[in-house]
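Enquirer: quick one: sequence plus predicted model below, questions after.
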Amino acid sequence: MRSEFLGECARFAGFAETINRTQYLVPRMDDEGLTRAVRRPAQMYGAEFDEGLAERLIALVRGREDELPLLQHGLMLMWEDGRARGGERMALDGAIVDNAGGLAELLSSHADKVMASVALDERREWTVEAMFRALSDVNAEGAAIRRPCAFRDLCAIADVSPDELRPILDAFRAPGVSFLTPYGDAPIEDKTTIDISHEALIRCWRRISAKEGGWLQQEFRDGLAWRLLLFQAENFASDKSNYLSKALTESGERRLNWLNEAWSKRYGGGWPAVKALVDASRAHWTLEAEEDEADRRKEVETERLRRQAAEQAELLARRSAQRSLLAAALITVGALIVIAAVAIWSHQIKVAIHRLQTVRALAGGQEGALKPGDPVKECSDCPEMIVVSAGRFTMGSPESESDKSEQPAHDVQIAKPFAVAKFALTFDEWDACVAYGDCDPHVSDSSWGRGKRPTINVSWDDAQTYVKWLSWWTGRSYRLLSEAEYEYAARAGSEKKYPWGDDIELDGKPMANCDGCGSQWDSKQTAPVGSFPANAFGLYDMVGNVWEWTEDCWHKNYNGAPADGSVWKSDDCNLRVVRGGSWYDSPVNLRSADRDGANPGGRYYNLGFRVARTLTP
């Protein structure tokens, strides 16, 4: 019997005393005993196992409550790795442990690989998450513990059929994995108990154990929230005026949409009562919003009628004076109208011819054949785009890295590929919109030059004018990036501070333009686009050189942020999110997670934008 369960024996009369009379205490293994246990099995089968490696492995887990299961798991994977490499005599080394960053990290990455092999879409990712959330718990002392469940209960909680859940269970209990019991090929029936093989998986797999966004923490929060909703539902049953607040209504809707009645039984049930409360609260707040909107429209209409009456009075007063000038004005205006019409018609013909000659927009079939990394350029004046794959990443930063606006760190799923401009928009591309569209011709380059330098001194509204023109010009859907899309594209798969690592320089070379980046343009002016290496997606200057507008409204933190990469809007959008940092900013503002807000009507000499394009399958 494992020692942590001895205390549970006291729950049964006489059982603890019986155990005390008959138990034989096995002493804790010292380093010498652990060294023999680690090396001898491998040596018995003719494998080389250096004593220094054994000491290093033991040092990695010394003092941890999971030392034995972590050693066992690490040795199993090292043996498989050695066997895969072959050779006249098997030699075990710690390369896979070093690459993972330790034995606990090796277990976590192994669990990630197993999950990736079966969670091929968002539904199956949720199935894995729901399964492990159901199989994990926290005891009264705050320690993570196992929570065995019947197979049929897991199917109900994850909302999947037995045939859908069995392959996932089989992957996690397969030989060489053994994260779940029953192991191997043991049959799984409705009443079969499914359990996590050891608490080490709960404590070491980051998806379960992470303090922010971990499955165990999320399950604990959802459970607390459900108990609160259940309490509120009981009050509502006795007094129908006890509606939820707007925030709690939205919280309840999210959980009703994401979870199910089988899940709620763990926390007291009451699914129909909670649903009735949430539905009634939503109807209440919708009605209130409609009434407020009706009052606002009445005020607007009253003000419009008042102004109309004042304008009519002023018009009548001016009309008599205007009549005497009308005849002469008609002649002059007529001539000007003819001249203006000829000029406008001539310009429109020029624009139409240029558009026909230069635009080569992708057809639907061509879009469907695009692969990540493919370039897309749909006209001679258009920005060059790079196809970015769908994927999942952790958005934001840990508490140790920066301020609260970047927290909580949370997982975001980008469901579909999309295209991102290879560079921030250049003055050459802006000036094409000036020539053939309605972009502002007076945008200043701050005397640094135009051409291939990034467009600056443009507001969020200016950026919207450009993407609207580009969409019309090509006949395709161009837009600004959402904030989540921007961080996903900037990171390009990296979890480091910067797209290239944790230091602002790479091997002593500057990687961006900022105040302290080491480039020739630092804290002086913008650099021509593409002056520094691209990130792993093939995108340039995603951090540094100029801040870039995104589509999102500014929120002070990520509480309630979308998890699908979509634009985060709000009723009050006085600020828009900007990303990337600039030549004027310190390196901390170039971190992939850094964010700020700016007045959408403001124009700044360190702020530009880049475009994105929605792809049609």
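Expert: Happy to help now that I have it. Keep in mind the model is a prediction, meaning the values are calculated, not measured.
Enquirer: going forward, measure contacts between C-alpha atoms and count neighbours the same way
Expert: OK.
Enquirer: which strand runs longest in the protein?
Expert: strand 547-553 (DSSP state E).
Enquirer: list the helices and strands it packs on?
Expert: Secondary-structure packing of strand 547-553 (3 or more CA pairs under 8 Å, 6 or more residues apart in numbering; DSSP states H and E): strand 478-480, helix 483-491, strand 576-579, strand 607-608.
Enquirer: show me what contacts the closest residue to Ala534 other than its chain neighbours?
Expert: Of all residues not flanking Ala534 in the chain, Tyr540 sits nearest, at 4.5 Å (CA to CA, 6 or more residues apart in numbering). By CA atoms under 8 Å, 6 or more residues apart in numbering, the residues touching Tyr540 are 422-424, 529-530, 532-534.
Enquirer: go with 10 Å
Expert: 421-424, 490, 512, 529-534 (CA atoms under 10 Å, 6 or more residues apart in numbering).
Enquirer: closest one to Pro162 out of those residues, please.
Expert: Using CA to CA, Ala490 is the member of the contacts of Tyr540 that lies nearest Pro162, at 40.2 Å.
Enquirer: what is the neighbour count of the closest one?
Expert: By the measure other CA atoms under 10 Å, the count of residues near Ala490 is 26.
Enquirer: which residue is the nearest non-sequential neighbour of it?
Expert: That would be Met542: by CA to CA, 6+ apart, it lies 5.3 Å from Ala490.
Enquirer: isn't the one you found right up against Arg579?
Expert: Yes: Met542 lies in contact with Arg579 (CA atoms under 10 Å); the separation is 8.4 Å.
Enquirer: identify the contacts common to these two.
Expert: The contact sets of Met542 and Arg579 overlap at 486-487, 490, 548, 590, 592 (CA under 10 Å, 6+ apart).
Enquirer: now flag whichever of those residues is closest to Gly601.
Expert: Distance ranking of the shared contacts of Met542 and Arg579 against Gly601, using CA to CA, places Glu548 first at 14.0 Å.
Enquirer: for the residue nearest to the closest one when sequence neighbours are not counted, give me its contacts.
Expert: Distance criterion CA to CA, 6+ apart; nearest residue to Glu548, sequence neighbours excluded, is Phe609 at 4.2 Å. By CA under 10 Å, 6+ apart, the residues touching Phe609 are 421, 423-426, 454-456, 458-460, 462-463, 480-481, 546-550, 578-579.
Enquirer: show me how to select, in ChimeraX, the buried members of those.
Expert: Of the contacts of Phe609, the buried ones go into a single ChimeraX selection, burial set by 16 or more other CA atoms under 10 Å:
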select :421,423,424,425,426,454,455,456,458,459,460,462,463,480,481,546,547,548,549,550,578,579
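Enquirer: from Leu106, how far out is the spatially most central residue of the chain?
Expert: Central residue of the chain (CA atoms, centre = their mean): Val412, 2.5 Å from the mean position. Per CA to CA, to the nearest Å, Val412 is found 24 Å from Leu106.
Enquirer: what about Gln413, which SS state?
Expert: strand (DSSP: H, G, I helix; E, B strand; the rest coil).
Enquirer: that one pairs with what?
Expert: Beta bridges link Gln413 to Arg392 when assigned by DSSP bridges.
Enquirer: how about Lys509, phi and psi?
Expert: phi -110, psi 140 (degrees, to the nearest 10).
Enquirer: try Gln525
Expert: According to degrees, to the nearest 10, Gln525 has phi -170, psi 180.
Enquirer: ok, now which ones touch the nearest residue to it once chain neighbours are set aside?
Expert: Leaving out its chain neighbours, the residue that sits closest to Gln525 by CA to CA, 6+ apart is Trp583, at 6.3 Å. Trp583 makes contact with 512-517, 519, 521-527, 543-547, 590, 605-607, according to CA under 10 Å, 6+ apart.
Enquirer: kindly recompute the last result at 6 Å.
Expert: 513-515, 522-523, 545 (CA atoms under 6 Å, 6 or more residues apart in numbering).
Enquirer: returning to what we had before: closest one of the shared contacts of Met542 and Arg579 to Val38?
Expert: Ser592 (41.9 Å).
Enquirer: now, which of the contacts of Trp583 sits nearest Gly270?
Expert: Asn545 (54.9 Å).
Enquirer: where do the helices of the stretch 51-200 of the chain begin and end?
Expert: Counting by DSSP state H, counting those that start in this stretch, the stretch 51-200 of the chain has helices at residues 51-61, 67-85, 95-100, 103-118, 122-135, 151-158, 162-172, 199-204.
Enquirer: hmm, back to that, thought the residue nearest to the centre of the chain was touching Ala561?
Expert: No: at 9.4 Å, Val412 and Ala561 do not qualify as touching, with contact defined as CA atoms under 6 Å.
Enquirer: distance from the lowest-mean-pLDDT helix or strand in the chain to the middle of the chain?
Expert: In the chain, the helix or strand scored least confidently by mean pLDDT, DSSP states H and E is helix 15-22, which has a mean of 72. The chain centre lies 53 Å from the centre of helix 15-22; the measure is CA atoms, centre = their mean, to the nearest Å.
Enquirer: tell me the first helix or strand C-terminal of it.
Expert: Counting by DSSP states H and E, the element after helix 15-22 in chain order, helix or strand, is helix 31-44.
Enquirer: that following helix: how far from the chain's middle?
Expert: 44 Å.
Enquirer: neighbouring contacts of whichever helix or strand comes after it?
Expert: Next along the chain after helix 31-44, taking DSSP H and E as the criterion, comes strand 48-49. Here strand 48-49 makes contact (CA under 6 Å, 6+ apart) with 91-92.
Enquirer: which residues of the stretch 401-550 of the chain fall in strands?
Expert: 410-414, 418-421, 478-480, 505-506, 509-510, 547-553 (DSSP state E, counting those that start in this stretch).
Enquirer: what's the longest one in contact with?
Expert: Spelled out, that is strand 547-553. The set of residues external to strand 547-553 that reach it, using CA under 6 Å, 6+ apart, is 480-483, 567-569, 573, 576-582, 607-609.
Enquirer: now the residue nearest to Glu548: how far from Pro441?
Expert: Phe609 is 17 Å from Pro441, where distance means CA to CA.
Enquirer: cool, Asp541 as well?
Expert: Distance, Asp541 to Pro441, using CA to CA: 25 Å.
Enquirer: ok, Ile208 next?
Expert: Counting by CA to CA - Ile208 and Pro441 are separated by 54 Å.
Enquirer: who has more neighbours, these two?
Expert: Ile208 (23 against 11).
Enquirer: settle this for me: that one is touching Glu219, isn't it.
Expert: No: applying CA under 6 Å, one finds Ile208 not in contact with Glu219, separated by 9.7 Å.
Enquirer: okay, now the unreliable bits of the chain?
Expert: For the chain, applying pLDDT under 70 flags the ranges 1-11, 16, 23-28, 320-347, 402.
Enquirer: that'll do, ta.
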